[in-house]
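Peer 1: one predicted model, sequence on top.
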Amino acid sequence: MSAGLILQYALSYAQIALILSIAMTCWRMLRGPRAQDRVLAIDTMYINAMLLFLLIGMGNGNVFFFESALVIAILGFVTTVCAAKFLMRGEVIE
Amino acid sequence: MTHLEALPPLAALLIALLVVCGSSLALLGSVGLVRLRSFYQRIHAPTLCYSYGTFLIILASMAMFSLAEARPVLHEFVIGGFMLITPPISLLMLGRAALRRDRDVKLGHDEVVPPHIPASEAPEGAPRDLTRYGAGPSDEG
Amino acid sequence: MRQLIPHPLLSGSLVLMWLLLTRFSPGHLVLGSMIALLAGWTVERLTLARPRIRRWQAIPRLAGLVAWDILRSNISVARVLLLGPNHPDYHSGFIELRLTLRDQNALALLAIILAATPGTAWLEYDRESGRLLLHVLDLRSEDDWQVLIRDRYERLLGEIFE
């Protein structure tokens, strides 16, 4: 068994783990029970999706997945901050 | 399997180890998100994924592309720096929002949180004893 | 010099980010520097508190300490998550501390450190009385959180910023 094959298996394991993890955050997002739980779950889901994109890029040997990962990370941050602001005040723009 | 086989064996094993550890930490964070009972406990769970989960996967990605392209590929540092600064900020804002919502009687809070004391009424000396708060209600219902 | 580059830290990191995201070439260096200068002038208009770093030597020590602490608490939080909820081995709850730091940038850095560390969540800080409300996942992992935070982080941050 060559090292390249082991790395291939490791990448597959990591992708499955992250997909499972995204499924769990989905469960928490649908379940709630309160709005802040849902926002926390969305934030975690964004970061997990970013890591998944990085891993897919590693599997394909393609550097360009990195850029979509960066965009996802930035969108996730902005989304969470806006949602938290909304929860705190009831308005996004005051 | 061209680019994965082309890596030096030792480096490939090391990268595999980093990837497995990082994704396991991310998975563990989400398991905590599902299993823990109150919101204030759950807010700790994703930090596993945010801190070392991301760090290990970024390290693996950087090592792999640097070896594969035979030049230092460092742009993952941008994600690393970004992840160093932004998740704490979003967690901080979420924590404050949750605290505010739990203190708001109108929203029908089910979580017992320490009340806010204005600075003028704050007792001097030793901090408050908060052991009776934060046991957390059950998630069910 | 002060007029041209009001925020050297911000501008420098922006140039570095620009060069990391593109392949290095003199053209990109010029373009990135122009964008960084523009960003510096824009931030100057916002009249934020300019970070004054007194001792650069303490920064690597702080970074190493934080990296080590985050690793340690990653392991302990992973253990708690595997034990599951309602396990008698850990007890989570709120604690209140008093901070002596007053510098805004030092407090911001402390907030980022505490929020990035698994196991502690920064909830509320009262600027007038310096009280801080934290939520801790495993209260039993340390004996005295006040002493821990004062000795470990506040002293170093005070050295760097005040």
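Peer 2: Yes, it's here.
Peer 1: contacts and neighbour counts: CA atoms only from here.
Peer 2: OK.
Peer 1: average pLDDT across the helix or strand where B:Ser24 lies?
Peer 2: Assigned by DSSP states H and E, B:Ser24 belongs to helix B:9-35. Helix B:9-35 shows a mean pLDDT of 91.
Peer 1: what's the spacing between it and its chain's center?
Peer 2: Remark: helix B:9-35 is offset 14 Å from the chain centroid, using C-alpha atoms, centre = their mean, to the nearest Å.
Peer 1: now stretch C:17-26
Peer 2: Put simply, stretch C:17-26 sits 26 Å off its chain's centre (C-alpha atoms, centre = their mean).
Peer 1: kindly report the same for stretch C:59-77.
Peer 2: A distance of 12 Å separates the centroid of the chain from that of stretch C:59-77, by C-alpha atoms, centre = their mean.
Peer 1: related to what we said a few turns ago, which element follows the helix holding B:Ser24 toward the C-terminus?
Peer 2: Going down the chain from helix B:9-35, the next helix or strand is helix B:39-42, by DSSP H and E.
Peer 1: packing partners for that next one?
Peer 2: The helices and strands touching helix B:39-42, judged by 3 or more C-alpha pairs under 8 Å, 6 or more residues apart in numbering or on different chains; DSSP states H and E, number zero.
Peer 1: quick check: buried residues in that helix?
Peer 2: Of all the residues in helix B:39-42, those buried under the rule 16 or more other C-alpha atoms under 10 Å in any protein chain shown are B:Phe39, B:Tyr40, B:Gln41, B:Arg42.
Peer 1: could those be laid out in TSV, adding pLDDT?
Peer 2: Output for the buried residues of helix B:39-42, formatted as TSV (pLDDT from 0 to 100):
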residue	pLDDT
B:Phe39	85
B:Tyr40	86
B:Gln41	86
B:Arg42	88
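Peer 1: CSV for the residues you listed, including distance to C:Ile75?
Peer 2: Formatted as CSV, those follow (distance: C-alpha to C-alpha, whole Å):
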residue, distance to C:Ile75
B:Phe39, 21
B:Tyr40, 19
B:Gln41, 16
B:Arg42, 16
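Peer 1: all helices for the chain, in order.
Peer 2: Unless you meant another one, I'm taking chain A. Along chain A, counting by DSSP state H, helices occupy A:3-31, A:35-60, A:65-89.
Peer 1: not quite, I wanted chain C
Peer 2: Under DSSP H, chain C gives helices at C:8-21, C:26-45, C:58-83, C:104-116, C:145-149, C:155-161.
Peer 1: what about those helices, which gets the closest to A:Gln8?
Peer 2: For A:Gln8, the closest of the helices of chain C is helix C:58-83, at 26.1 Å, according to C-alpha to C-alpha.
Peer 1: for burial, what's the neighbour tally of B:Leu27?
Peer 2: Counted with other C-alpha atoms under 10 Å in any protein chain shown, residues neighbouring B:Leu27 total 27.
Peer 1: kindly apply the preceding question to C:Ser25 instead.
Peer 2: Counted with other C-alpha under 10 Å, residues neighbouring C:Ser25 total 9.
Peer 1: got it, and C:Gly130?
Peer 2: Applying other C-alpha under 10 Å, we find 14 residues neighbouring C:Gly130.
Peer 1: surely it is in contact with C:Asp103?
Peer 2: No. The criterion here is C-alpha atoms under 8 Å, and C:Gly130 misses it with C:Asp103 at 11.4 Å.
Peer 1: just give me the residue right at the centre of chain B.
Peer 2: Centroid-nearest residue in chain B: B:Thr47, 1.5 Å away (criterion: C-alpha atoms, centre = their mean).
Peer 1: please identify the helix or strand for that one.
Peer 2: Assigned by DSSP H and E, B:Thr47 falls within helix B:46-48.
Peer 1: what's the pLDDT at A:Tyr46?
Peer 2: At A:Tyr46, the model reports a pLDDT of 94.
Peer 1: tell me the contacts of it?
Peer 2: Counting by C-alpha atoms under 8 Å, 6 or more residues apart in numbering or on different chains, A:Tyr46 touches A:Ile72, A:Ala73, A:Gly76.
Peer 1: try B:Leu18
Peer 2: Neighbours of B:Leu18 in contact, by C-alpha under 8 Å, 6+ apart: B:Leu56, B:Ile57, B:Leu59, B:Ala60.
Peer 1: any idea which of these is closest to chain C?
Peer 2: Among the contacts of B:Leu18, B:Leu56 lies closest to chain C (C-alpha to the nearest C-alpha), at 11.5 Å.
Peer 1: just say which of the helices of chain C is most tucked in.
Peer 2: Comparing the helices of chain C by mean neighbour count (mean count of other C-alpha atoms under 10 Å in any protein chain shown), helix C:104-116 comes out on top with a mean of 20.
Peer 1: is it in proximity to chain B?
Peer 2: Yes. On the criterion C-alpha under 8 Å from any C-alpha of the partner chain, helix C:104-116 is in touch with chain B at C:Ala111, C:Ile112, C:Ile113, C:Ala115, C:Ala116.
Peer 1: elements contacting that helix?
Peer 2: Applying 3+ C-alpha pairs under 8 Å, 6+ apart, we find helix C:104-116 packed against helix B:76-103, strand C:120-126, helix C:155-161.
Peer 1: got the ones you listed as JSON lines, with mean pLDDT and distance to chain A columns?
Peer 2: What follows is the helices and strands packed on helix C:104-116, written out as JSON lines (pLDDT from 0 to 100; distance: least, C-alpha to the nearest C-alpha, whole Å):
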{"stretch": "helix B:76-103", "mean pLDDT": "88", "distance to chain A": "4"}
{"stretch": "strand C:120-126", "mean pLDDT": "86", "distance to chain A": "13"}
{"stretch": "helix C:155-161", "mean pLDDT": "84", "distance to chain A": "26"}
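Peer 1: could those go into JSON lines alongside distance to C:Ala36?
Peer 2: As requested, those are exported to JSON lines (distance: least, C-alpha to C-alpha, whole Å):
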{"stretch": "helix B:76-103", "distance to C:Ala36": "16"}
{"stretch": "strand C:120-126", "distance to C:Ala36": "32"}
{"stretch": "helix C:155-161", "distance to C:Ala36": "24"}
